[in-house]
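>>> Predicted model and sequence follow; I will ask about them next.
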Amino acid sequence: MTWMNHVNIKSKDGQVYCCMRNKIVNFNEQQLMSYCVGCKMFGGTAQGKGVECFWNDLRGEHTLIITDPEHEFNYNQTRSVVITTSK
C-alpha cells in the first residue's frame, strides 16, 4: 500500500467522505474543528475547496483527487487483503 494524499473536494452539497468516521459528512467549520484538526490523517483544507487526508491506499497513486464522496464511501466499504507467504 502507498501512503497517499486524498484530496476530498466538496460536492455541490458541501459534502466529503470522512475516512475516520467512515461516512459522508458536511464539510463545514464544525466538522473541521470537531473532527479534522484532531485527526492523525488530516493534511489541510485543499486550498479552501475541501479537505486533504493521508492514509495508506491500494490504488497506488501519491495524490488522489476525490470529487464524488458517495463513490469514495462505497469504495472504502470493501477492503482488499494481500496474502503473503513466508519461506
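All right, it came through fine.
>>> which residues of the chain fall in strands?
Under the criterion DSSP state E, strands of the chain are mapped to 2-9, 15-18, 23-26, 42-44, 50-57, 63-66.
>>> so which of those comes closest to residue 33?
For the strands of the chain, distance to residue 33 was read as CB to CB. The smallest value, 11.2 Å, belongs to strand 42-44. Using the backbone N, CA and C atoms, a C-beta is placed for each residue, glycine as well.
>>> where in this protein is pLDDT low?
Where the chain drops to pLDDT under 70, the residues are 1, 80, 87.
>>> Give me the buried positions along stretch 5-22.
Of the residues in stretch 5-22, 5-11, 15-19 count as buried by neighbour count, 16 or more other CB atoms under 10 Å.
>>> chain center to it, what's the gap?
Put simply, stretch 5-22 sits 6 Å off its chain's centre (CA atoms, centre = their mean, to the nearest Å).
>>> Same question for stretch 17-33.
Between the centre of stretch 17-33 and the centre of its host chain there is 10 Å, according to CA atoms, centre = their mean.
>>> CA atoms of that stretch as PDB?
Taking only C-alpha atoms (Å, rounded to 0.1, in the frame of the first residue of the first chain), the coordinates of stretch 17-33 have been written out as PDB:
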ATOM      1  CA  TYR A  17     -16.100  11.400   2.600                       C
ATOM      2  CA  CYS A  18     -14.500  11.200   6.000                       C
ATOM      3  CA  CYS A  19     -12.300   8.100   6.400                       C
ATOM      4  CA  MET A  20     -12.000   8.500  10.200                       C
ATOM      5  CA  ARG A  21     -15.800   8.500  10.700                       C
ATOM      6  CA  ASN A  22     -16.400   6.200   7.600                       C
ATOM      7  CA  LYS A  23     -19.300   8.300   6.400                       C
ATOM      8  CA  ILE A  24     -20.200  11.200   4.200                       C
ATOM      9  CA  VAL A  25     -20.200  14.400   6.100                       C
ATOM     10  CA  ASN A  26     -21.000  18.100   5.600                       C
ATOM     11  CA  PHE A  27     -17.600  19.800   5.400                       C
ATOM     12  CA  ASN A  28     -18.100  22.900   7.400                       C
ATOM     13  CA  GLU A  29     -16.400  24.700  10.300                       C
ATOM     14  CA  GLN A  30     -18.000  22.400  12.900                       C
ATOM     15  CA  GLN A  31     -16.600  19.300  11.000                       C
ATOM     16  CA  LEU A  32     -13.200  20.900  10.600                       C
ATOM     17  CA  MET A  33     -12.900  21.900  14.300                       C
END
